[in-house]
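structure for the following, please:
(one chain, ligands or ions: 1)
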Amino acid sequence: MILTVTLNPSIDRRYFVEDFKQDMVFRAKEVQYTPGGKGLNVSRVIRIFKEPVIATGFLGGLSGQFIEEKLEELEIESQFMEIGNNTRSCIAILSNNGSQTEVLEPGPEISKNELDSFYKTYSELMDKCKVVCASGSIPRNTPKEVYKELIKIAKDKNKKFILDTSGEALKEGIKGSPYMIKPNKEELEAIIGHPIEREEELIKGLKTLAKYDIELIVVSLGAKGSIIYYNDGIYKVIVPEIGVINPVGSGDSMVAGVAVGLVKNYDFEKMVKLASACGTANVMEKETGKVDIDNVEKLMEDIIVEKIG
Ligand code: TA6
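Prediction:
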């Protein structure tokens with residue numbers, strides 16, 4: 001079973017607008033509301049593979065109720081901590097001109113009591129899961145060490161912990177030595193403290209991060225695939241070119257692919273191909289955090305994993 005942790009979930013409100021540009025008024029051609037926040041996108045993709053998944057984190061107010069109802073419809077088991085404040089919304093404006101504009105609300109404040117109760121629920125859920133996926137930003141007044149704490153609790157019970165976040169939460173989280181992190185180039189630059197212009201610099205940055213005893217580091221390069229550090233080796237993953245419909249949630253779909261590969265006991269190469277195929281297949285869908293399994297299986301045949309270092 002996989003446990004997904006979404007400390008700052010959202011109602012993802014997606015608008016499809018023709019010829020979007022700023023400083024104008026638009027009427028959305030299409031509107032989609034889905035339970036969002038990276039961890040819930042991860043949960044949806046895991047569910048598509050029919051792997052057992054439980055979603056946890058914080059939910060509050062009418063937005064929280066909407067998300068709970070949607071998760072029930074999706075048959076995704078959840079055990080969220082109810083909070084006094086209202087769960088946020090994240091806006092994505094997609095357009096036929098290829099633009100993608102996102103506005104992410106910061107999200108509600110969490111009280112110390114709510115956080116302490118969550119740690120208790122999370123610890124109890126450890127006995128039910130094999131892999132933990134913790135994704136996304138953390139609520140405003142939550143200690144930046146929160147992921148490090150969650151990683152320690154998981155590792156004390158020999159669970160693999162996949163961390164996909166950014167900023168201070170990532171800088172502190174890596175000190176807990178999670179099994180995997182998935183920084184993008186900017187997040188990697190922020191951690192190593194200097195810009196990355198060339199592939200060699202990216203590889204050097206990966207190796208400095210490995211000192212935190214992280215087994216798997218995936219740096220997604222979008223359509224260009226990804227560069228991966230795994231057990232002292234460096235790998236380049238090349239993915240086939242496909243038409244982009246909605247890239248939002250591709251990183252989350254990739255995380256879901258790693259988690260599914262782990263619970264299915266895939267070897268490294270097969271797990272990476274599954275994860276990369278999920279990330280690519282998500283781009284082919286209008287909905288965030290959705291993949292077509294036939295597309296994933298076809299894409300896996302065309303993905304190349306090459307050891308380059
Ligand atoms: O990765 C896409 C996405 O999950 C959006 O759907 C939106 O929920 C956003 O990320 C939330 O990001 P954050 O880093 O604030 O958790």
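
quick check: residues of the stretch 51-200 of the chain near the ligand?
90, 104, 136, 137 (C-beta under 6 Å from any ligand atom). Every C-beta, even on glycine, is put in place using the N, C-alpha and C of the backbone.

mind putting those residues in CSV, pLDDT included?
Listed next are those as CSV, based on pLDDT from 0 to 100:
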residue, pLDDT
90, 96
104, 96
136, 97
137, 96
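
kindly reformat the residues you listed as CSV and extend each row with distance to residue 84, secondary structure and neighbour count.
Listed next are these as CSV, based on distance: C-beta to C-beta, whole Å; DSSP: H, G, I helix; E, B strand; the rest coil; neighbours: other C-beta atoms under 10 Å:
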residue, distance to residue 84, secondary structure, neighbour count
90, 21, strand, 22
104, 21, strand, 17
136, 20, coil, 26
137, 19, coil, 21
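
what's the nearest residue to the residue of the chain found nearest the ligand if we skip its chain neighbours?
The nearest approach of the chain to the ligand comes at residue 136, 2.7 Å away (C-beta to the nearest ligand atom). Nearest residue to residue 136 in three dimensions, chain neighbours excluded: residue 38, at 3.8 Å (C-beta to C-beta, 6 or more residues apart in numbering).

let me see the contact set for residue 37.
By C-beta atoms under 8 Å, 6 or more residues apart in numbering, residue 37 lies in contact with 6, 8, 9, 10, 12, 57, 90, 135, 136.

got phi/psi on it?
Here is the backbone geometry of residue 37 (degrees, to the nearest 10): phi 90, psi 140.

which residues does residue 2 contact?
Neighbour list for residue 2: 46, 51-54, 129-133, 259-260, 263 [criterion: C-beta under 8 Å, 6+ apart].

can I get the CA coordinates of stretch 61-71 in PDB?
This file holds the C-alpha atoms of stretch 61-71, laid out as PDB (Å, rounded to 0.1, in the frame of the first residue of the first chain):
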ATOM      1  CA  GLY A  61     -13.900  24.200   5.300                       C
ATOM      2  CA  LEU A  62     -16.200  23.800   2.300                       C
ATOM      3  CA  SER A  63     -13.200  23.300   0.000                       C
ATOM      4  CA  GLY A  64     -12.100  20.400   2.200                       C
ATOM      5  CA  GLN A  65     -15.500  18.900   2.000                       C
ATOM      6  CA  PHE A  66     -15.500  19.200  -1.800                       C
ATOM      7  CA  ILE A  67     -12.200  17.300  -1.900                       C
ATOM      8  CA  GLU A  68     -13.300  14.600   0.400                       C
ATOM      9  CA  GLU A  69     -16.400  14.000  -1.700                       C
ATOM     10  CA  LYS A  70     -14.400  13.900  -4.900                       C
ATOM     11  CA  LEU A  71     -11.900  11.400  -3.400                       C
END
